[in-house]
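> got a predicted model here, sequence first, then my questions.
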Amino acid sequence: MESKSLQIYSISSLTTTFPLRFYLVIVKMAENLRRAVQDINLGFDDAPMTIPPNIVANAMAENRFILMGRPVMPRRQNLRSIIASMPRVWGQSGLVHGRIIGGNQFQFIFPSEESLSTVLRRGPWAFNDRMLVLQRWFPDNAPLINFIPFWVQVRGIPFHFLNRDVISHIGRSLGPLLDVDYDGEAAARVEFVRVQISWDIQLPLRFQRHIQFQEGVNTLLRFRYERLRGFCEVCGLLTHDTGACVLPDDVEQQFANDEEDDEHPPPEIRQNQGVVIREIVEPEPVLDAAVNADEDVALDDIDPYHDALAHIEDLPEEIAVDPLADFATNPWIRPRLDLSPHPDDTVMLPSM
């Protein structure tokens, strides 16, 4: 009881003292050590055990029809999802069973030769819009899981050069030739012929190529891969997306012309300076100048030589001497004013 309490206390102290991630790392290291301890060679020198032949024969019979495969883009193709989904896609759910093996690979066990051949004949197959590499497995000759059997449509062969030997030669220029789909009687009524090739996924796809049926005369042929899904549009590889390609658009052409770099240097790269935005500042008005200008306009009608006191001599003496004289007795002002008393005496009395 005391040891349990000490152990619980030690774990709780670890989780409180150190972060949870550090604790998980310690647990993982302990599990790895326990596995490593069991890898010792105890029992290596013991006598071998023999399995009965009938049990071995039954096991081989059950595992005769195996299809091995791997995803071309593991980051986008989960192995468990592939095993769970592909039997249903093939229409053999409950009959085909899958399992994950090492090296990022998987296996599908089929019940019969017919079911296995049907899947191979209807291929190639894709998962999550990316290709799958599927090849039949043989115990004596394990396949190199790098090849996808594609049916390729070849377009543009002139009719007067069209025969099986020419088609086979063009197919072998693309990859290992598996089959040729050609009917001499119907060739004049179709736009293409078909070849089946085993395409190495480590090589970039090619959709056009110049072929010389006559010396010095190039004929452009176009290739279309049936049931093709997901490839890099920059370099043509199936193993990554266009956005993850490390090869820019012009690098391939640059590598092809490396020998001519000395004679034809690359053009100078001019950086785009973009759009330069400048602030438009209107000049502020000069207030003093505007005020002076208004004053000049206002003084245009004033006579600088005018004497404002020149007419005072024409005025009567009493106005000129005493401008504040009683206006009631002033004959100059009285005619302009009505000084008659109010007809109502009650109004005039308060003012008196």
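Alright, I've got the coordinates.
> the helices in the stretch 101-250 of the chain, which residues?
With helices called from DSSP state H, counting those that start in this stretch, the stretch 101-250 of the chain shows them at 113-121, 164-174.
> packing partners of the shortest one?
Think helix 113-121. Of the remaining helices and strands, those touching helix 113-121 by 3 or more Cβ pairs under 8 Å, 6 or more residues apart in numbering; DSSP states H and E are strand 66-71, strand 130-136. All C-beta atoms are positioned from the backbone trio N, CA, C, and that covers glycine.
> let me have the helices of the stretch 101-250 of the chain in CSV, extended by mean pLDDT and mean neighbour count.
Shown next, in CSV, are these (pLDDT from 0 to 100; neighbours: other Cβ atoms under 10 Å):
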stretch, mean pLDDT, mean neighbour count
helix 113-121, 94, 14
helix 164-174, 94, 16
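> list the contacts for Gly103?
Residues in contact with Gly103 (Cβ atoms under 8 Å, 6 or more residues apart in numbering) are Arg70.
> hmm, try it at 10 Å
Gly103 makes contact with Arg70, Ile145, according to Cβ atoms under 10 Å, 6 or more residues apart in numbering.
> and what of Val56?
Taking Cβ under 10 Å, 6+ apart, one finds Thr50 in contact with Val56.
> surely it is within a helix?
Yes. Using DSSP: H, G, I helix; E, B strand; the rest coil, the assignment for Val56 is a helix.
> quick one: it from Thr50, how far?
According to Cβ to Cβ, to the nearest Å, Val56 and Thr50 sit 10 Å apart.
> include mean neighbour count when you put the helices and strands packed on helix 113-121 into a markdown table, please.
Formatted as a markdown table, these follow (neighbours: other Cβ atoms under 10 Å):
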| stretch | mean neighbour count |
| --- | --- |
| strand 66-71 | 20 |
| strand 130-136 | 20 |
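> turn the ones you listed into CSV, columns for distance to Asp183.
Shown next, in CSV, are the helices and strands packed on helix 113-121 (distance: least, Cβ to Cβ, whole Å):
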stretch, distance to Asp183
strand 66-71, 31
strand 130-136, 28
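> and those strands as CSV, adding mean pLDDT and distance to Tyr225?
Formatted as CSV, these follow (pLDDT from 0 to 100; distance: least, Cβ to Cβ, whole Å):
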stretch, mean pLDDT, distance to Tyr225
strand 66-71, 94, 18
strand 130-136, 94, 10
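> hang on, the earlier thing: just put the helices of the stretch 101-250 of the chain in TSV and tack on distance to Leu221.
Formatted as TSV, these follow (distance: least, Cβ to Cβ, whole Å):
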stretch	distance to Leu221
helix 113-121	26
helix 164-174	7
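> do you know which of the ones you listed lies nearest Ile197?
Taking Cβ to Cβ, helix 164-174 is the member of the helices of the stretch 101-250 of the chain nearest to Ile197, at 5.1 Å.
> the closest one packs against which elements?
strand 147-155, strand 177-181, strand 192-200, strand 208-214, strand 217-225 (3 or more Cβ pairs under 10 Å, 6 or more residues apart in numbering; DSSP states H and E).
> would JSON lines of these with mean neighbour count be doable?
JSON lines is the format used below for the helices and strands packed on helix 164-174 (neighbours: other Cβ under 10 Å):
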{"stretch": "strand 147-155", "mean neighbour count": "20"}
{"stretch": "strand 177-181", "mean neighbour count": "14"}
{"stretch": "strand 192-200", "mean neighbour count": "19"}
{"stretch": "strand 208-214", "mean neighbour count": "12"}
{"stretch": "strand 217-225", "mean neighbour count": "14"}
